[in-house]
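In: would you be able to build a 3D model of this:
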Amino acid sequence: MDDIEDIKRRKAEALQQKYIAAVQQKAREQHQVLEQLNRLEEMVRPYLGKGAFERYCTLKTAHPEKAVQVLGMLASGIESGQLAQVIEDAQLKELLRRMEPQKKGFQLRRV
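Out: Numbers count the residues shown, from 1 in each chain. All right, here's what the predicted structure looks like:
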């Protein structure tokens, strides 16, 4: 009977170690992603006007995925040299509008 209990205990310990390793790996990955995002924000920040930066911060709070997309687009524009001037709020607003998928209009008719 001690053998069965010993096997159960070792298996439970192995599962616990595996779980801890997986959690630590996920935490490291999340930390790396956050560091990359912070570096991108530091690179893009000088190119955003005050209104555009406020809009970006609001977007980051409300729609983090979309904010990451915008950050990536702006960073690639900076790296390629296409973006050499400060982006104002209206320009960022237009960029966000163009990112929205086109909605198909439809009409309801009453019969």
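In: show me what the biggest helix by length in the chain is packed against.
Out: Taking DSSP state H as the assignment, the helix of the chain that covers the most residues is helix 2-44. Judged by 3 or more C-beta pairs under 8 Å, 6 or more residues apart in numbering; DSSP states H and E, the packing partners of helix 2-44 are helix 64-80. Using the backbone N, CA and C atoms, a C-beta is placed for each residue, glycine as well.
In: okay, buried residues for the helix it packs on please.
Out: Ala67, Val68, Val70, Leu71, Leu74, Ala75, Gly77, Ile78 (16 or more other C-beta atoms under 10 Å).
In: same deal with stretch 35-45?
Out: Leu37, Leu40, Glu41, Val44.
In: show residues contacting that stretch.
Out: Under the criterion C-beta atoms under 8 Å, 6 or more residues apart in numbering, residues Phe53, Val68, Leu71, Gly72, Leu74, Ala75, Ile78 lie in contact with stretch 35-45.
In: got the contact list for the last one?
Out: Neighbour list for Ile78: Met43, Val44, Tyr47 [criterion: C-beta under 8 Å, 6+ apart].
In: now these in TSV, with pLDDT and distance to Val33?
Out: Listed next are the contacts of Ile78 as TSV, based on pLDDT from 0 to 100; distance: C-beta to C-beta, whole Å:
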residue	pLDDT	distance to Val33
Met43	91	16
Val44	91	16
Tyr47	92	22
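In: of all those residues, which comes closest to Asp6?
Out: Met43 (55.9 Å; C-beta to C-beta).
In: from Arg109, how far out is that closest one?
Out: 52 Å (C-beta to C-beta, to the nearest Å).
In: shouldn't Tyr56 be in contact with Leu48?
Out: Yes - with contact defined as C-beta atoms under 8 Å, Tyr56 counts as touching Leu48 (6.2 Å).
In: what do the two both touch?
Out: The overlap between the contact sets of Tyr56 and Leu48 (C-beta under 8 Å, 6+ apart) consists of Leu92.
In: if we can go back for a sec, ok, so of the contacts of Ile78, who is nearest Ala27?
Out: Looking across the contacts of Ile78 and measuring by C-beta to C-beta, the closest to Ala27 is Met43, at 25.0 Å.
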